[in-house]
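Engineer: Have a look; sequence and predicted model below, questions after that.
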Amino acid sequence: MKTIEYSKQARKFLDRQTEATRERIITAINGIPERKGDIKRMEGGTGWRLRVGSYRVLFDENGYIIFISRIKTRGDAYKGGKH
């Protein structure tokens with residue numbers, strides 16, 4: 001069983017969303033271990049991204065841990081280099 005951990009930024013982002021949006025993103029994140037959803041490797045090979053409508057969930061996998069590093073809107077997700 002894989003464990004999903006959230007960064008401080010990811011938690012704060014979810015806290016600021018409406019309940020419906022938060023539930024939609026969390027449901028999509030919970031599908032990551034089974035590779036459900038629109039998941040692609042980031043260019044350059046560092047990490048993965050999950051598309052949830054106009055949001056992007058950026059994450060890494062290390063063994064049994066899935067670390068959600070950032071959740072951003074589509075336009076902001078890829079700014080700032082390494083996630």
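Structural biologist: Happy to help now that I have it. Numbering: from 1, shown residues only.
Engineer: Okay, helices next: where are they in this protein?
Structural biologist: 8-15, 19-30, 74-77 (DSSP state H).
Engineer: With Gly45 as the reference, name the closest of those helices.
Structural biologist: Gly45 lies closest, by CB to CB, to one member of those: helix 74-77, at 17.1 Å. In short, each C-beta sits where N, CA and C put it, glycine included.
Engineer: which residues sit against that closest one?
Structural biologist: For helix 74-77, contacts defined as CB atoms under 8 Å, 6 or more residues apart in numbering pick out Arg49, Ser54, Tyr55, Arg56, Leu58, Arg70, His83.
Engineer: beta partners for Arg51?
Structural biologist: Asp38, Arg56 (DSSP bridges).
Engineer: if I pick it, what's in contact with it?
Structural biologist: Neighbouring residues of Arg51 by CB under 8 Å, 6+ apart: Gly37, Asp38, Ile39, Lys40.
Engineer: could the residues you listed go into CSV alongside distance to Ile66?
Structural biologist: Converted to CSV, the contacts of Arg51 look like this (distance: CB to CB, whole Å):
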residue, distance to Ile66
Gly37, 13
Asp38, 16
Ile39, 11
Lys40, 15
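Engineer: Which of those residues lies at the shortest distance from Arg22?
Structural biologist: Arg22 lies nearest to Gly37 out of these, by CB to CB, at 16.2 Å.
Engineer: that older thread, looking at the contacts of helix 74-77, which has the smallest pLDDT value?
Structural biologist: By pLDDT, His83 ranks lowest within the contacts of helix 74-77, coming in at 48.
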